[in-house]
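Visitor: only geometry, no sequence info:
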Ligand SMILES: C[S@@+](CC[C@H](N)C(=O)[O-])C[C@H]1O[C@@H](n2cnc3c(N)ncnc32)[C@H](O)[C@@H]1O
């Protein structure tokens, strides 16, 4: 295992977290003024830092030991070795290569937003499913869910996670072309520029009155997403922000 050591903490390096995971990071750890990002192989990173090489068992054991349960709305996200006594609905995930352990603000806000939506019996698309966490949460709330991801390697993990939680979500490799419209709700934890590009496509797959829960949006890039979504026939319902990350909830109202 290779570790990239950077000066800073989770908050100061938050904007780079999706990039680390897109480039194959397996986990991140805060250590006395530094952040250690774990990769299976060395990658090109646009940041100053130092590479270290570790024995595989060392990092895995240390990372597992430090991993904490995460609460988000009515859910708690647990690793298989965690115990939990609270009343929250448990989502048990095997932490692996896929993004979506619940530790990132965007995933937590998406879980909370999904919990506020009346999705029992609704058709839901989880675009960029990663570990399958959002698809699993939606299926637990009674929705008929498809999770899609362009990264084929995450699909078996999402399927295993859904089985582990007895959540009847389905998964497919791909993006919006793999979707099976119409949907009542799309949830997508991607990034601002991609949401901007996809805005007219969200309109094509949603029923009039359908909802889009979009996150992975840095506050400084939010305006572009808002404009693109309004141009595509959406109206903003609500906005949440944690740190620099924003979640925007929209209603598709083409007639307004
Ligand atoms: C930030 S992770 C989100 C994972 C999980 N949904 C969550 O909220 O924690 C983004 C995921 O979207 C996938 N992805 C990126 N671009 C995509 C696209 N155009 N269509 C579908 N999936 C995409 C990535 O492979 C990655 O697994």
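Guide: Structure's in. What do you need? Values in this document were obtained by computation on a predicted structure and should not be read as measured data.
Visitor: Check the spacing between residue 34 and the ligand real quick.
Guide: With distances taken as Cβ to the nearest ligand atom, to the nearest Å, residue 34 is found 23 Å from the ligand. Every C-beta, even on glycine, is put in place using the N, C-alpha and C of the backbone.
Visitor: quick one: contacts for that residue?
Guide: Neighbour list for residue 34: 5, 6, 7, 8 [criterion: Cβ atoms under 8 Å, 6 or more residues apart in numbering].
Visitor: Contacts only, for the first one.
Guide: Counting by Cβ under 8 Å, 6+ apart, residue 5 touches 34, 35, 36, 49, 50, 51, 52.
Visitor: For residue 41, state which of the contacts of residue 34 is nearest.
Guide: Residue 41 has its nearest neighbour among the contacts of residue 34 in residue 5, at 16.2 Å by Cβ to Cβ.
Visitor: Show me which of the contacts of residue 5 are buried.
Guide: Among these, the ones that count as buried by 16 or more other Cβ atoms under 10 Å are 35, 36, 49.
Visitor: Count the residues that sit near the nearest residue to the last one once chain neighbours are set aside.
Guide: Distances taken as Cβ to Cβ, 6 or more residues apart in numbering put residue 6 closest to residue 49, at 4.2 Å, once the chain neighbours are dropped. Other residues within reach of residue 6, judged by other Cβ atoms under 10 Å, total 19.
Visitor: Give me every residue in this protein lying close to the ligand.
Guide: Neighbours of the ligand within the chain, by Cβ under 6 Å from any ligand atom: 18, 99-100, 106-107, 110, 127-130, 133-134, 148-151, 154, 175, 189-190, 194, 216.
Visitor: Which one of the buried ones among the contacts of residue 5 is nearest to the ligand?
Guide: Nearest to the ligand among these, counting by Cβ to the nearest ligand atom, is residue 35 at 17.7 Å.
Visitor: Is it correct that that closest one is in contact with residue 9?
Guide: Yes. Between residue 35 and residue 9 there is a contact under Cβ atoms under 8 Å: 6.4 Å.
Visitor: distance of residue 244 from the ligand?
Guide: Taking Cβ to the nearest ligand atom, one finds residue 244 at 14 Å from the ligand.
Visitor: Equivalent analysis for residue 76, please.
Guide: Remark: distance between residue 76 and the ligand (Cβ to the nearest ligand atom) = 15 Å.
Visitor: Helix or strand for that residue, just tell me which one.
Guide: strand 75-78 (DSSP states H and E).
Visitor: What's the mean pLDDT across that strand?
Guide: Averaged over strand 75-78, pLDDT sits at 95.
Visitor: same thing with stretch 135-148?
Guide: 98.
Visitor: got the buried residues for it?
Guide: 135-141, 143-148.
Visitor: The contacts of residue 5 in helices, which ones?
Guide: Judged by DSSP state H, those include no members of helices.
Visitor: I'd like these laid out as CSV, including pLDDT.
Guide: CSV is the format used below for the contacts of residue 5 (pLDDT from 0 to 100):
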residue, pLDDT
34, 94
35, 94
36, 92
49, 94
50, 94
51, 95
52, 91
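Visitor: Okay, now the unreliable bits of the stretch 51-200 of the chain?
Guide: 56-60, 97-98 (pLDDT under 70).
Visitor: quick one: the helices in it?
Guide: For the stretch 51-200 of the chain, the helices defined by DSSP state H, counting those that start in this stretch occupy 56-66, 105-116, 133-140, 155-164, 192-205.
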